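Colleague: Generate a structure from the sequence data that follows.
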Amino acid sequence: MVLLDLDGTITDPRHGITASYQFALRAVGIDPPPVEELLWVIGPSIWDVAPRFGITDPDVAERFVSTYRDRHSSDGLHEYDPIPGMPEMVADLDADGRTIALATAKPLLQAGATLEHLGLRDHVDALGCASLDRSRTHKTDIVAALLVDLGHPEPASVVMVGDRATDVQAGRHHGLATIGVSWGFASPGELEAAGPDLLASSVPDLRAALGLPPRPG
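Modeller: Presented below is the predicted three-dimensional model:
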């Protein structure tokens, strides 16, 4: 059973996410930093990101989050590139009979729409997503709910794959095997410090780690 992060692992969403953050920051009166200084926001829950911009007033935070999600839903979801080879890998895992689940800090509708755009929705068995009521925002809680939906599988039978420390930490918290992928948005040394069982530096490396043969050609 394979749990896959979305942003930074399956897709490169930097333009859609950073443009949506810039839009939302302006909406609450904050001059946004340039894109290259915003890449760290890709992966964590937006509710954890908001205080790092000094957004601590609950009403302002609600407006910031809702503005981000409105812009991201209308435009940002379409402003991404698939990581080369990852959509094919997901399809190959499905063809191999694996159970595949998404574990993402995106809300359900956004996560589902992204998978639809990628042509992957039919290959994914379950979606673990952030809840709009803020009862489930952290990756550890998202994975916990996902494991319940999947019928409480034996931890030894599950691997968590992601590009940020939060992915590795969530997997480790639940006793899962963990694979960090180096093509995402982790800061230097972030994944190594989180202690994944394996670091994959390329999609072929990840395929091999998951027991898939190389793609032809």
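
Colleague: can you pull out the strands in the chain?
Modeller: Under the criterion DSSP state E, the chain contains strands at 2-4, 11-12, 81-82, 100-107, 126-130, 159-162, 177-181, 198-200.

Colleague: Output the contacting helices and strands for the first one.
Modeller: Here strand 2-4 touches strand 100-107, strand 159-162, going by 3 or more CB pairs under 8 Å, 6 or more residues apart in numbering; DSSP states H and E. C-betas here are computed from N, CA, C, even on glycine.

Colleague: Can you get me a residue count around the closest residue to Lys106 other than its chain neighbours?
Modeller: Nearest residue to Lys106, sequence neighbours excluded (CB to CB, 6 or more residues apart in numbering): Cys129, at 5.9 Å. Burial measure for Cys129: 21 neighbouring residues, criterion other CB atoms under 10 Å.

Colleague: now do Gly54
Modeller: Gly54: 10 neighbours (other CB under 10 Å).

Colleague: Leaving out the residues flanking it, which one is nearest to it?
Modeller: Per CB to CB, 6+ apart, closest to Gly54 is Ile30, 7.4 Å.

Colleague: now do Gly211
Modeller: Asp96 (7.9 Å).

Colleague: My read is that the one you found contacts Arg207, right?
Modeller: No: between Asp96 and Arg207 there is no contact under CB atoms under 8 Å: 10.7 Å.

Colleague: Looking at those two, which one has more neighbours?
Modeller: Arg207 (20 against 12).

Colleague: would you list every one of the helices in the chain?
Modeller: 14-27, 46-49, 58-74, 86-95, 108-118, 139-149, 165-173, 190-194, 203-209 (DSSP state H).

Colleague: Distance from the first one to the middle of the chain?
Modeller: Here helix 14-27 is found 17 Å from its chain centre; the criterion is CA atoms, centre = their mean, to the nearest Å.

Colleague: Please work out the average pLDDT along that helix.
Modeller: Across helix 14-27, the average pLDDT comes to 95.

Colleague: and it with helix 108-118, angle?
Modeller: Relative orientation of helix 14-27 and helix 108-118, computed by axes from the mean of the first three to the mean of the last three CA atoms, to 10 degrees: 150 degrees.

Colleague: Can you name every helix or strand that helix 14-27 contacts?
Modeller: helix 58-74.

Colleague: buried stuff in stretch 133-144?
Modeller: Judged by neighbour count (16 or more other CB atoms under 10 Å), stretch 133-144 contains these buried residues: 136-139, 141-143.

Colleague: taking these as a set, which two sit the farthest apart in space?
Modeller: Spatial extent of those (CB to CB) is set by the pair Thr137 and Val143 at 12.3 Å.
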